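Q: Dropping a prediction and its sequence here:
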Protein chains: 4
Amino acid sequence: MGSAKIKVGILGATGTVGQRFILLLSNHPEFEIVALGASSSSAGKPYKEAVSGRWKQAQPIPAHVGEIPVNECEPEHFKDCGVVFSGLDSKPAGPVEAAFREANLRVFSNAKNYRRDPLCPLIVPLVNTDHMDIIPHQQKELSLERGYIVTNANCSTTGVVVALKALEAAFGPLDVIMVQTMQAISGSGYPGVSSLDILDNIVPFIDGEEDKIEWETSKILGGLKDNNTAFDLHEQSPLRVSAQCNRVPVIDGHLACVSVSFKKQPAPSPEQVAEALRNYQCEAQKLDCHSAPQQAITVHEESDRPQPRLDREWQNGAGVNVGRIRKCPVLDIKFVSLVNNVMLGAATSSVLNAEVALKKGFLA
Amino acid sequence: MGSAKIKVGILGATGTVGQRFILLLSNHPEFEIVALGASSSSAGKPYKEAVSGRWKQAQPIPAHVGEIPVNECEPEHFKDCGVVFSGLDSKPAGPVEAAFREANLRVFSNAKNYRRDPLCPLIVPLVNTDHMDIIPHQQKELSLERGYIVTNANCSTTGVVVALKALEAAFGPLDVIMVQTMQAISGSGYPGVSSLDILDNIVPFIDGEEDKIEWETSKILGGLKDNNTAFDLHEQSPLRVSAQCNRVPVIDGHLACVSVSFKKQPAPSPEQVAEALRNYQCEAQKLDCHSAPQQAITVHEESDRPQPRLDREWQNGAGVNVGRIRKCPVLDIKFVSLVNNVMLGAATSSVLNAEVALKKGFLA
Amino acid sequence: MGSAKIKVGILGATGTVGQRFILLLSNHPEFEIVALGASSSSAGKPYKEAVSGRWKQAQPIPAHVGEIPVNECEPEHFKDCGVVFSGLDSKPAGPVEAAFREANLRVFSNAKNYRRDPLCPLIVPLVNTDHMDIIPHQQKELSLERGYIVTNANCSTTGVVVALKALEAAFGPLDVIMVQTMQAISGSGYPGVSSLDILDNIVPFIDGEEDKIEWETSKILGGLKDNNTAFDLHEQSPLRVSAQCNRVPVIDGHLACVSVSFKKQPAPSPEQVAEALRNYQCEAQKLDCHSAPQQAITVHEESDRPQPRLDREWQNGAGVNVGRIRKCPVLDIKFVSLVNNVMLGAATSSVLNAEVALKKGFLA
Amino acid sequence: MGSAKIKVGILGATGTVGQRFILLLSNHPEFEIVALGASSSSAGKPYKEAVSGRWKQAQPIPAHVGEIPVNECEPEHFKDCGVVFSGLDSKPAGPVEAAFREANLRVFSNAKNYRRDPLCPLIVPLVNTDHMDIIPHQQKELSLERGYIVTNANCSTTGVVVALKALEAAFGPLDVIMVQTMQAISGSGYPGVSSLDILDNIVPFIDGEEDKIEWETSKILGGLKDNNTAFDLHEQSPLRVSAQCNRVPVIDGHLACVSVSFKKQPAPSPEQVAEALRNYQCEAQKLDCHSAPQQAITVHEESDRPQPRLDREWQNGAGVNVGRIRKCPVLDIKFVSLVNNVMLGAATSSVLNAEVALKKGFLA
């Protein structure tokens, strides 16, 4: 059976996203880690040595992965891989991912570089896996038989867009979206945020983050058009999104306060919203993907939930948590949303996207 | 000189707000602490003994205050006081403050109980000290010669309303205000928030807080009407305010993300807003009150400020800090605001209100 | 098969230790929760309602346990239980546990009340399960056919005594033990430590804790004597133990810096100590108990481990972590030790003690 | 009067220790900042621009200092300085400080490089300012008329050695010293400790720190010998010191648990120790130096003090706090000690050493 698994590689394997890929994939029913890529200083060492002193997970390195030799991020070392997961920083990600695609490898990337590319789908696996239908167009345009890049969204975008999608699915297009985030330090990688900046403190600024939420939301909530060769970016009837982002002293879990209004009035009641969120089902669930959560959106009844520390680990961080659904005195509805930024907000998204791709024939 | 000082008393002297009153008043040029009130379990003990194990300030108890005997919160022990400051919890505050007023004492209260009373002014000292003009009406209605109650606002309201007032002063009435707060644990008193609830966590709920911001803002930004016998609560053209409040692992300093729109269009530019905030001057400054900040609103230029830990102590916490003034894609302008919740957000407000009252003849 | 499980009850089921008992026992191969006890205010409610707002675990309440009705802590409600686990606070624990024993119930208690009782064993399950041999004497003295009390140790004692036992097993009696702890806030229950006391702070004092470490260590490391009717408390050749205890802003995981000297000289080298700790095996492991860790003591090689956040979850918190084994310039050897205070330091100890009791026939 | 001040320079002015030097010296009665040195990337910029984004103090940059142009750390830019304070990292400190001394400048350094140099005094200003008497020998050996280097101790050593000195002064030589520290993140500079390493965590290792405490203590507590040309390093009757060092999530303030034994027996009682610490007076106090604390050692009576957050700011962090003085079951006495690591543990030590040097004629 093991021989039937799809061989996969991980780029940026020693980084924080890479470490999560390793934990998610080390015992996966469909994928099998065979290749690890990192910077040249790590190349040639067994993984456990390359990552020594930087493994920051609460579980030990899976024994068999620890022995896999790390290579530089060059396609030749990943030739056998049916999927390559990229946890690279944005600096190397641009050229490296392009080179891998050019070498006819399928790249499922957590990096930001190709999210706005008109050929690359930007997929939150609980939201818009139908965007994979642009893959044939991407391959055709680049004259590639097998290679392509699928990206997933920024962690904070992911945290709000699942609930937004569920609302649009039930009540039609949104008009205005106001988001204010409180984002965990793990979103910034390692060493990332200095403790002197965040202990007993909030930093009300995360470089580029507000723009990402405002822009990515439109691409993700939009559809495909022109016979699956382009994205509908809401040019006709733009979504109006305003985001304010803050870094907070929380290890994992991005919390967002969201207010929305609907184009169609009268707007739904808080009870109707709660029910719509609770009932929301995405394609990854319907396809019974291994990493899909049982409940896409967990709706909390207690007045003080969701909370990062208490709710981020539910369903192994693969779902979204929503609470405090109530009327907004200015817009229609306001609520609080929580995503596990290192799981669904990062590695889990790439893995789940690949699982959907497998079920839908894009890994054939 | 000392003999010329106005004798003052402090109710709730052993609590966290009471401790701040003591630090602010122990060496004040115009006020002199002569009486301290607390619960019956403290009564009869010298202050330093009554507060033992609960003094949580980074400075020692002022030596002469430590010797003052604590009494129960009954007017007879405060007969000599020209001003009584109340740091009581809301439970005892209602009847106690009423009894003190009835005994012809002037109460400057940090408690919430009389904020919505149609006879009592709700004053943020950097905003609406003109509301003291309702005091004669309060006294007349209650047939009191000297006694009255002046309240100050909730700490989170205070944190946003100073900037809002400056905006209205420069650009006319606001239309919509959206506020999302990240509030320090000290706002909840001692023992207050359990460490198990807040370490590595955010609690997206503070009981009653959102309603306070939404309601108090209207009273504070409104004027007096009917010949100084009533408050203009914006009944005609209501302010629309929506607040979301969160508790964060920060010791002192409430941060708020604010978005606003103006009734008058076109709205001012971010540069015009920054200049208006920088130039804003309140009555307490013009009257040269001892505790007034030199700069009511400090506008930060750096992209990642204000931050609670770095900026809360400026001007001894008596001013407000604003930063990140920029266009809002949905409303007109968005920005970040910081208030020191234990200083201007609590004890400093009461003290500064009393200083203004002194200058304006309300302590005669 | 389920019908063959031993029915168990939990006292103090809504508290923090009780919640851990529930997670450990809700899916246990040998035990089955049938009765829950809490204070009278909870009695009569289904568990999920009784614990509402106080469930502070990162996993949801097991569904079937949520429906179990809570009773007062009276033996009549626990008649069917083969084992009763007590997570009671010390205040109720004394009389309640005595009453349960008197009613011929077997109590495995995490409370401190009977630890120093000359009839009750004080058992750290990785150390001295042989002390259960005093149970027949306890029953005989009290004229009970089935009832007895087995206690487990204070969480901080547990954290150091496993390594000490391994050292004594390999190198003979210890002479001097110096311990300095850095203890997590969860050790203090809920609400427990105020966030104002511990954020950006250390409290160098935990009431009664140093004495517990100094006293309990002697009972645990001692043997039984006088034909299993008494404990050898090292009266002849006393262990000299000195402890300093601190509360730190860590959620779970007590860390201790330990220095020891041996009676037999020359003392072992750090390498010999590391090997002895690594090879140490306790009776619970040999009996293949369900909750026993695979490795009683995990010896870390990295110079900066163990760390609470990274290492407390290994083996579901059932083992102990040791690192930084090196020569002490004053005593013989110094090292760092970590225990998960809410797991092995509390609920896991009681459960594992009961599992050992089952294997050894004390639940027959 | 201003013209009579001694001109001083600061090396490493943009770093965290340098920032503290600026705050301590910007309004000093005897010293006047005229020159600032930093890395070549800062050179040529006014200070406020050079430090932009890295100023991490809770007070703004003193206005006049913000305008001083930053230079590279070369003696020619510091020619007019009667004293040069060095907050350099150890990497540049070695050659730079030597070059400054060679250029006949007096360097008061917080860096570790010359602490073990047999010509350079290692001075904790509350302990051994008499060691300045080796300065003439240092100058003579190096054929310098004016230049010399005076170092101060590592922050954690400083935190314990003041109390140890007071004990030796009262009760004669110590025999054994066991120290376990809990050190603040600011001790590691900026960006220093990653928040992912320390939030909800302890790191039981600080590179080189234990060795510093064990070694520096002997040099500081020793005297001068051979006619003030050498240090007495306790070769004859060595102090036995064992240290264990931990990094904790505290911003400022190093806490230490200390146990000691005395050579002379019977050892003093806890009460005698408390009295000796309370009465301890150092030379800097007797000389009435500007930055000297009024009380060298504040002895706390409360059972849970000193605590970093509450006690680190007393006396502007220039004194030491001791509490929990009690018998040690193994050695003689144990207690808890707190030092403000960024004040007395760093910049305040250098400044106070220079103030003593001024009073004693070493700046003539």
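A: Everything's here; your move.

Q: distance between the ends of stretch A:245-258?
A: 12 Å (Cα to Cα, to the nearest Å).

Q: cool, stretch A:39-51 as well?
A: Where stretch A:39-51 begins and where it ends lie 11 Å apart, using Cα to Cα.

Q: next one: stretch A:301-317
A: 19 Å.

Q: So it, near chain D or not?
A: No. On the criterion Cβ under 8 Å from any Cβ of the partner chain, stretch A:301-317 is out of touch with chain D, staying 8.9 Å away. Glycine gets a C-beta too; all of them are placed from N, C-alpha and C.

Q: Mind listing what's buried along that stretch?
A: A:304-315, A:317 (16 or more other Cβ atoms under 10 Å in any protein chain shown).

Q: which residue does the stretch 1-150 of chain A bring closest to chain B?
A: A:A58 (12.6 Å; Cβ to the nearest Cβ).

Q: pLDDT score assigned to the residue nearest to that residue when sequence neighbours are not counted?
A: Spatial nearest neighbour of A:A58, excluding adjacent residues (Cβ to Cβ, 6 or more residues apart in numbering or on different chains): C:E313 at 4.8 Å. In this model, C:E313 is scored at 95, pLDDT.

Q: repeat for A:M1
A: pLDDT at A:M1 comes out at 42.

Q: What of A:G53?
A: 87.

Q: One more: the one 5 residues further on?
A: Reading off the per-residue confidence, A:A58 sits at a pLDDT of 88.

Q: Double-check that it belongs to a helix.
A: No. Counting by DSSP: H, G, I helix; E, B strand; the rest coil, A:A58 is located in no helix; its state is coil.

Q: Isn't it up against C:L310?
A: Yes. Using Cβ atoms under 8 Å, A:A58 and C:L310 qualify as a contacting pair, with a distance of 5.8 Å.

Q: Buried residues, stretch A:131-138. List them.
A: So stretch A:131-138, judged by 16+ other Cβ under 10 Å, has buried residues A:131-135, A:137-138.

Q: Show me what from chain A comes close to chain C.
A: So chain A meets chain C at A:52-53, A:56-60, A:199-200, A:251, A:302, A:309-314 (Cβ under 8 Å from any Cβ).

Q: who touches A:D207 in this structure?
A: Under the criterion of Cβ atoms under 8 Å, 6 or more residues apart in numbering or on different chains, A:D207 has no neighbours.

Q: try 10 Å this time
A: Residues near A:D207 by Cβ atoms under 10 Å, 6 or more residues apart in numbering or on different chains: A:188, A:245, B:303-304.

Q: cool, and A:I68?
A: Applying Cβ under 10 Å, 6+ apart, the residues near A:I68 are A:10, A:13, A:22, A:33-36, A:46-48, A:50, A:62.

Q: State the number of residues packed around the residue lying closest to A:Q307 once chain neighbours are set aside.
A: Nearest residue to A:Q307, sequence neighbours excluded (Cβ to Cβ, 6+ apart): B:N201, at 5.5 Å. By the criterion of other Cβ atoms under 10 Å in any protein chain shown, B:N201 has 25 neighbours.

Q: ditto for the one 4 residues further on
A: A count of nearby residues for B:F205, using other Cβ under 10 Å, gives 19.

Q: Pretty sure it sits in a helix.
A: No. The assignment for B:F205, made by three-state DSSP, is coil rather than a helix.

Q: how about the nearest residue to it, chain neighbours excluded?
A: Per Cβ to Cβ, 6+ apart, closest to B:F205 is A:D304, 4.0 Å.

Q: In a markdown table, list the buried residues of stretch A:131-138 along with secondary structure, pLDDT and distance to D:C289.
A: Shown next, in a markdown table, are the buried residues of stretch A:131-138 (DSSP: H, G, I helix; E, B strand; the rest coil; pLDDT from 0 to 100; distance: Cβ to Cβ, whole Å):
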| residue | secondary structure | pLDDT | distance to D:C289 |
| --- | --- | --- | --- |
| A:H131 | helix | 98 | 71 |
| A:M132 | helix | 98 | 73 |
| A:D133 | helix | 98 | 77 |
| A:I134 | helix | 98 | 74 |
| A:I135 | helix | 98 | 75 |
| A:H137 | helix | 98 | 77 |
| A:Q138 | helix | 98 | 73 |
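
Q: what's the residue of the stretch 201-350 of chain A found nearest chain C in contact with, if anything?
A: Proximity of the stretch 201-350 of chain A to chain C (Cβ to the nearest Cβ) peaks at A:E313, 4.8 Å away. Residues in contact with A:E313 (Cβ under 10 Å, 6+ apart) are A:252-253, A:340, A:343, C:57-59.

Q: close to chain B, is the lengthiest helix in chain A?
A: Identified as the longest helix of chain A according to DSSP state H is helix A:155-171. No. Applying Cβ under 10 Å from any Cβ of the partner chain, one finds helix A:155-171 separated from chain B by no less than 12.9 Å.

Q: Measure how far that helix is from the centre of its chain, please.
A: Its chain's C-alpha centre and that of helix A:155-171 lie 13 Å apart, by Cα atoms, centre = their mean, to the nearest Å.

Q: What residues does the closest residue in space to A:F31 that isn't next to it in sequence make contact with?
A: Nearest non-adjacent residue to A:F31, counting by Cβ to Cβ, 6+ apart: A:V8, 4.6 Å away. When contacts are counted by Cβ under 10 Å, 6+ apart, A:V8 is found next to A:21, A:25, A:28, A:30-35, A:78, A:80-85, A:106, A:108, A:351, A:354.

Q: now swap in A:N128 and tell me
A: Counted by Cβ under 10 Å, 6+ apart, A:N128 has contacts A:121-122, A:153, A:161, A:165, A:219-224, A:231, A:282-283.

Q: let's go with 8 Å and repeat that
A: A:121, A:165, A:220-221.

Q: Quick one: name the residues of the stretch 201-350 of chain A near chain D.
A: Checking the stretch 201-350 of chain A against chain D by Cβ under 8 Å from any Cβ, the hits are A:249, A:251.

Q: what are the ranges of the helices in the stretch 201-350 of chain A?
A: A:209-221, A:270-279, A:283-286, A:308-311, A:348-359 (DSSP state H, counting those that start in this stretch).

Q: want to throw those into CSV with distance to chain B?
A: Shown next, in CSV, are the helices of the stretch 201-350 of chain A (distance: least, Cβ to the nearest Cβ, whole Å):
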stretch, distance to chain B
helix A:209-221, 6
helix A:270-279, 14
helix A:283-286, 26
helix A:308-311, 4
helix A:348-359, 20
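
Q: out of those, deepest packed?
A: Greatest average neighbour count among the helices of the stretch 201-350 of chain A goes to helix A:348-359 (a mean of 26), per mean count of other Cβ atoms under 10 Å in any protein chain shown.

Q: for that helix, packing partners?
A: With contacts defined as 3 or more Cβ pairs under 8 Å, 6 or more residues apart in numbering or on different chains; DSSP states H and E, the packing partners of helix A:348-359 are helix A:16-25, strand A:83-86, strand A:106-109, strand A:148-151, helix A:283-286.
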